[in-house]
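K.L.:
Make a model of this:
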Amino acid sequence: MKMAILLLYTEIKEPKAPPYILLQSKKTIIGRHGDVVMDTKIGKEISKYHALITHQHQRSHDLWMIEDTDSKNGTFVNNRKIHRKVLNEGDEVVFGGGADFFYGDLIESSEKAECRYKFFRIPPNVRFTVNVNPNDDITITH
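P.N.:
This is a model prediction of the structure:
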């Protein structure tokens with residue numbers, strides 16, 4: 001199974017959010033009582049079961065889908081409040097931060113968000129056959 005990671009990307013000192021979230025299961029629940037536990041310093045800004053990230057393999061592609069599970073303060077991808085969205089390399093994901101926003105609303109800035117992450121796919125390991133020494137010089141002939 002392919003893996004992906006969300007890396008914490010916040011300016012907040014000592015956030016109550018993990019430094020990274022390794023996405024290696026078909027389903028990962030994020031929230032105060034989820035598989036991945038997080039909140040903010042204010043407390044209870046992240047719902048008990050705030051968001052769900054699922055991994056699917058479709059037509060030789062790996063997709064990670066994020067879904068807000070009717071959280072009070074929402075889930076945002078690239079500053080837009082979402083209900084469900086496919087994650088792409090480098091997307092910014094913010095958990096919480098806006099009960100007053102509707103799905104599709106665009107926020108001005110997420111710089112002050114405590115639970116702010118960047119999404120990346122983890123490339124597969126490179127494996128060499130027994131006959132190849134990765135330290136040898138390679139000569140290409142035409």
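K.L.:
Tell me which residue is most central in this structure.
P.N.:
Geometric centre of the chain, nearest residue: residue 6, 3.7 Å, by CA atoms, centre = their mean.
K.L.:
Contacts for stretch 63-79, please.
P.N.:
Outside stretch 63-79, the residues that touch it by CB atoms under 8 Å, 6 or more residues apart in numbering are 4, 23, 29, 31, 45-47, 49-57, 81-87, 91-99, 101, 106-110, 119, 121. Glycine gets a C-beta too; all of them are placed from N, C-alpha and C.
K.L.:
Mind listing what's buried along it?
P.N.:
For stretch 63-79, the neighbour count (16 or more other CB atoms under 10 Å) marks 64, 66, 68, 69, 71, 73, 74, 75, 76, 77 as buried.
K.L.:
just the residues you listed now: which is nearest residue 35?
P.N.:
If you rank these by distance to residue 35 using CB to CB, residue 69 comes first, at 12.6 Å.
K.L.:
How about the closest residue to residue 110 other than its chain neighbours: which residues does it bridge to?
P.N.:
Of all residues not flanking residue 110 in the chain, residue 94 sits nearest, at 5.0 Å (CB to CB, 6 or more residues apart in numbering). Taking DSSP bridges, one finds residue 76, residue 116 as the beta-bridge partners of residue 94.
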